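Peer 1: no FASTA, just this:
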């Protein structure tokens, strides 16, 4: 690009930035509602851990501003609803798992780092009080494999109080199951508690239940509470890591949290639907 073209481009960028900065707030469009917050929860750091950790976690969700608010349980990870209609929500999401040490009863087993699981989610809404939730994610650190989670929820969205209850189920491929529940011959030789290898197949990870509620302090500020129960399926619970090395077939979790929502100005004007 010649110097004349570069100069015109710089002038255009500078003018655009000045317009965005100096334009009055009333003339900007609120196209998305961003919800940020945090939770303090007690839950297993990874599936089958056999103990709970108390840890903080962040909440982050984005939805179109012109779509009505509907309560969704806070166990759904961080999401961005790129497609949002009366009956379907679709977009990217992410979940995380904490690391597993190689000390104590797990001495001799391979250490597992923090797992990052990006993926996609789909919420199906046959009615405003019934939601079908589907997630598909791939581990990009700690393990290289696929996991999926599904849930059904009966949901009440109110002026002040929200409530949900419903079952949960999870799937993991061979790579995931082998990472968290498998035992290699080398690990069995090193472990003081486990003397046989174990190679689980991919399949169902757990069945469970989730109960959650929310209180609207204002139309932007909300508080949350939720309780979860997961029972590992046979392929996971038969692992010697669960049977012999301090693991547990049943996981119970609980958390409290709060969030704040605000509009983001991008382009087209939309009527904000806070409630």
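Peer 2: Nice, I can see it. Please read all numbers here as calculations on a predicted model, not as lab measurements.
Peer 1: can you give me the strands in the stretch 1-150 of the chain?
Peer 2: Applying DSSP state E, counting those that start in this stretch to the stretch 1-150 of the chain gives strands spanning 30-43, 53-64, 78-80, 83-84, 88-97, 115-127, 130-138, 146-157.
Peer 1: which one of those lies closest to residue 258?
Peer 2: strand 30-43 (5.4 Å; CB to CB). To be clear about C-beta, it is placed using only N, CA and C from the backbone, and glycine gets the same treatment.
Peer 1: hang on, the earlier thing: could you dump the strands of the stretch 1-150 of the chain into a markdown table with mean neighbour count and mean pLDDT added?
Peer 2: Output for those, formatted as a markdown table (neighbours: other CB atoms under 10 Å; pLDDT from 0 to 100):
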| stretch | mean neighbour count | mean pLDDT |
| --- | --- | --- |
| strand 30-43 | 18 | 91 |
| strand 53-64 | 16 | 92 |
| strand 78-80 | 19 | 92 |
| strand 83-84 | 14 | 92 |
| strand 88-97 | 18 | 95 |
| strand 115-127 | 17 | 97 |
| strand 130-138 | 18 | 98 |
| strand 146-157 | 18 | 98 |
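Peer 1: With distance to residue 198 as added columns, please give those strands in JSON lines.
Peer 2: Listed next are the strands of the stretch 1-150 of the chain as JSON lines, based on distance: least, CB to CB, whole Å:
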{"stretch": "strand 30-43", "distance to residue 198": "25"}
{"stretch": "strand 53-64", "distance to residue 198": "25"}
{"stretch": "strand 78-80", "distance to residue 198": "33"}
{"stretch": "strand 83-84", "distance to residue 198": "41"}
{"stretch": "strand 88-97", "distance to residue 198": "20"}
{"stretch": "strand 115-127", "distance to residue 198": "20"}
{"stretch": "strand 130-138", "distance to residue 198": "24"}
{"stretch": "strand 146-157", "distance to residue 198": "19"}
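Peer 1: Out of those, which is closest to residue 226?
Peer 2: Closest among the strands of the stretch 1-150 of the chain, using CB to CB: strand 30-43, at 8.2 Å.
Peer 1: Show me what the closest one is in contact with.
Peer 2: Contact partners of strand 30-43, identified using CB atoms under 8 Å, 6 or more residues apart in numbering, comprise 52-65, 74, 222, 224, 228, 251, 253-270, 272-274.
Peer 1: so how far is that strand from its chain's centroid?
Peer 2: 11 Å (CA atoms, centre = their mean, to the nearest Å).
Peer 1: That strand to strand 53-64, inter-axis angle?
Peer 2: Inter-element angle recorded for strand 30-43 and strand 53-64: 160 degrees (by axes from the mean of the first three to the mean of the last three CA atoms, to 10 degrees).
Peer 1: residue ranges of the strands in the stretch 151-275 of the chain, please?
Peer 2: For the stretch 151-275 of the chain, applying DSSP E, counting those that start in this stretch gives strands covering 161-172, 203-216, 221-232, 250-265.
Peer 1: Throw those into TSV and include mean pLDDT, mean neighbour count and distance to residue 109, thanks.
Peer 2: What follows is the strands of the stretch 151-275 of the chain, written out as TSV (pLDDT from 0 to 100; neighbours: other CB atoms under 10 Å; distance: least, CB to CB, whole Å):
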stretch	mean pLDDT	mean neighbour count	distance to residue 109
strand 161-172	98	19	18
strand 203-216	98	19	19
strand 221-232	97	18	17
strand 250-265	94	16	19
